[in-house]
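Asker: can you look at this prediction? I've put the sequence above it.
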Amino acid sequence: MQVLYKHNSRDLFNSSRLLIVDDDAYLRENLRQQFLAEGFHNIFDIGSVTGLSAALKAANPDLILLDIQMPDANGVNICKRLRSYGYSKSILMLTAKDAETDIIEGLEAGANDYVIKPLRMGELLARIYTQLGQCEAADDVEFKLADLNFIPAKKMLHTTGSRRMQTLTEKETKILQVVHRVFPESATKDELLTEVWGMRDGLTTHTLETHIYRLRQKIWQLTKTPIVITTENGYRLEL
């Protein structure tokens, strides 16, 4: 579920460390000024991927704003590389592309969320607040889904009694959390779009259906039990 925060809850954010990775110097400076005005103090930025390793070491960021189109690398590949190196904190993609396939590609690479350029500052700040304040379940919390175990904090499904596992994207994890929370009722499509994506402009039910399809493919690799079934009103767990 998306968590909303009031602007007077700034103590949580003042110490947060932000890293902006974008080749647009004007945008980086504008974001820096906006973030300073909002109460952030630890803001770092780079204009190319060449210095990313050094920037990560110096900034130790709690959240990375990553442009999807860098001059010397693709943002999706950068995101994949960050995740493969063990960076587990929030990555927010900045993209001028609003094509659904590009957005899904970024999320599949491990991005937590995305904002489409030209940026709307209110929306960007709201998504930053949500990511920084996201309350994840404790690492040892597991949910039983038929013959699978679901660990939201690790974004992982694994077969009970074996080491077979599938890593989930942020959105896939949230979908499972929502349908688990409302069980045995169905989670409606509107409910899922609202809680998982914030009912963002331009989203269609096809976005949800695509993610459900990919989630089912991962489940199918572990068990023949459907787990997430389609109902007249939306989607429900089959346990």
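Answerer: Great, that's in hand.
Asker: what residues are up against Asp23?
Answerer: Gly47, Ser48, Asp67, Met70, Pro71 (CB atoms under 8 Å, 6 or more residues apart in numbering). Just so you know, the C-beta spots here come from the backbone N, C-alpha and C atoms, and that holds for glycine as well.
Asker: give the contact list for Glu238.
Answerer: Applying CB under 8 Å, 6+ apart, the residues near Glu238 are Ala146, Thr225, Pro226, Ile227, Val228, Ile229.
Asker: recalculate using a threshold of 10 Å.
Answerer: Leu145, Ala146, Phe183, Thr225, Pro226, Ile227, Val228, Ile229, Thr231 (CB atoms under 10 Å, 6 or more residues apart in numbering).
Asker: state the number of residues packed around the third one.
Answerer: The number of residues packed around Phe183, counting by other CB atoms under 10 Å, is 15.
Asker: which non-adjacent residue is nearest it?
Answerer: Leu237 (4.8 Å; CB to CB, 6 or more residues apart in numbering).
Asker: what bridges to that neighbour?
Answerer: Legend: beta-bridge partners of Leu237 under DSSP bridges are Val228.
Asker: can you pull the pLDDT of Gly133?
Answerer: Per-residue pLDDT puts Gly133 at 71.
Asker: show me the domain layout of this protein.
Answerer: The chain is divided into the following domains under automatic domain parsing: 11-132, 143-238.
Asker: picking that back up, filter the contacts of Asp23 to the buried ones?
Answerer: With neighbours counted by 16 or more other CB atoms under 10 Å, the contacts of Asp23 contain buried members at Gly47, Asp67, Met70.
Asker: so which of these is the closest to Asp22?
Answerer: Asp22 has its nearest neighbour among those in Asp67, at 4.1 Å by CB to CB.
Asker: contact partners for Lys80?
Answerer: Asn74, Glu105, Gly106, Glu108, Ala109, Gly110, Ala111.
Asker: report how many residues lie close to the third one.
Answerer: Other residues within reach of Gly106, judged by other CB under 10 Å, total 26.
Asker: setting aside sequence neighbours, what's the nearest residue to it?
Answerer: Per CB to CB, 6+ apart, closest to Gly106 is Met93, 4.5 Å.
Asker: least confident of the contacts of Glu238?
Answerer: Phe183 (86).
Asker: returning to what we had before: what's the most distant pair in the contacts of Asp23?
Answerer: Ser48 and Asp67 (10.5 Å).
Asker: common neighbours of those two, please.
Answerer: Val21, Asp22, Asp23, Ala73.
Asker: of those residues, buried ones?
Answerer: Buried, going by 16+ other CB under 10 Å: Val21, Asp22, Ala73, out of the shared contacts of Ser48 and Asp67.
Asker: for Leu36, see how far away the first one is.
Answerer: It refers to Val21. Separation of Val21 from Leu36 (CB to CB, to the nearest Å): 18 Å.
Asker: cool, the last one as well?
Answerer: Ala73 sits 28 Å away from Leu36, going by CB to CB.
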